[in-house]
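# Just to be clear, the model below is a prediction. Sequence and coordinates:
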Amino acid sequence: MSKVADQAVEESLARCVAGDRSAFGEIVREHQSMVYSLALHFLRNPSMAEDVAQEVFLDLYRNLPAIKSGAHLRFWLRKVACHRSIDRARRKQTDGMLSLEDAPEPAAADQDFDPLLRKKLWKLVGSLPEKPRMALILRYQEEMELQEIAEVMEMPLNTVKSTIDRALGVLRTKLSRSMGGVRV
């Protein structure tokens, strides 16, 4: 985010703390797509992703005085969105709802990618345990740096690296098996 945009966010934060509700609306509009996208890629359910985004912004409203800058706000939103998404996925599993493999895949930005392979990959990513799945989504879908992922997921950097490496290895193995032993 540019320095000018950061200043605008910080001004909006100050106005929010002072009680200006329209400033909170500006913050939500500025960051809602990031929060929703992260939740959607993890949960793969638009309705649940909307619920998570709403919960995240309600949490933000309650915690506004603790947010110190635009960078801190983005970090805080990603962190809370990750944790809320994981919590929602756990609740969904215990409630007996559809599994991640049955959910529709999110719209992809890269339309040149083979749609059948994309669907298969989403299904395989959805079959991973929560933490490796979230680490892959943050790294490859949200394009976050490893250090940012470590901070958001509250894990040591080397643990994030090994989690991603192991998850990619599992995906390669599963994809190879599903394609009749073709090496990927």
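Ah, there it is. Numbering: from 1, shown residues only.

# Please make it C-alpha for all contacts and neighbour counts, starting now.
Fine.

# give me the element R78 is part of.
helix 70-94 (DSSP states H and E).

# For that helix, which residues meet the burial criterion?
70, 73-86, 88-89, 92 (16 or more other Cα atoms under 10 Å).

# swap in stretch 26-42?
Using 16+ other Cα under 10 Å as the test for burial, stretch 26-42 gives 26-28, 31-32, 34-42.

# Nearest to D6, out of the residues you listed: which one, please.
I27 (11.2 Å; Cα to Cα).

# List the contacts of that closest one.
Neighbouring residues of I27 by Cα atoms under 8 Å, 6 or more residues apart in numbering: 9, 12-13.

# My understanding was that G126 contacts R133; is that so?
Yes - judged on Cα atoms under 8 Å, G126 makes contact with R133 at a distance of 7.0 Å.

# which residues do these two both contact?
F42.

# Pop the domain breakdown of this structure in here.
Per the record's domain assignment (automatic domain parsing), the chain is made up of the domains 1-100, 105-184.

# about what we covered before: the helix holding R78 - contacts with which helices or strands?
When contacts are defined as 3 or more Cα pairs under 8 Å, 6 or more residues apart in numbering; DSSP states H and E, helix 70-94 packs onto helix 3-17, helix 21-43, helix 46-63, helix 146-153.

# what comes up buried for the shortest one?
The reference is to helix 146-153. So, applying 16+ other Cα under 10 Å, buried residues of helix 146-153: 146, 148-153.

# quick one: contacts of it?
For helix 146-153, the external contacting residues (Cα under 8 Å, 6+ apart) are 75-76, 78-79, 82, 135, 138-139, 156-157, 160-161.

# What's the first helix or strand after it?
helix 157-178.

# what comes up buried for that next one?
Residues 157, 160-161, 163-164, 167-168, 171-175 are the ones in helix 157-178 that count as buried (16+ other Cα under 10 Å).

# Out of the residues you listed, which is nearest to V56?
V160 (23.6 Å).

# you'd agree that closest one is up against A135?
Yes - using Cα under 8 Å, V160 is in contact with A135, at 7.1 Å.

# In the protein, where is pLDDT below threshold?
Where the chain drops to pLDDT under 70, the residues are 1-2, 93-113, 181-182, 184.
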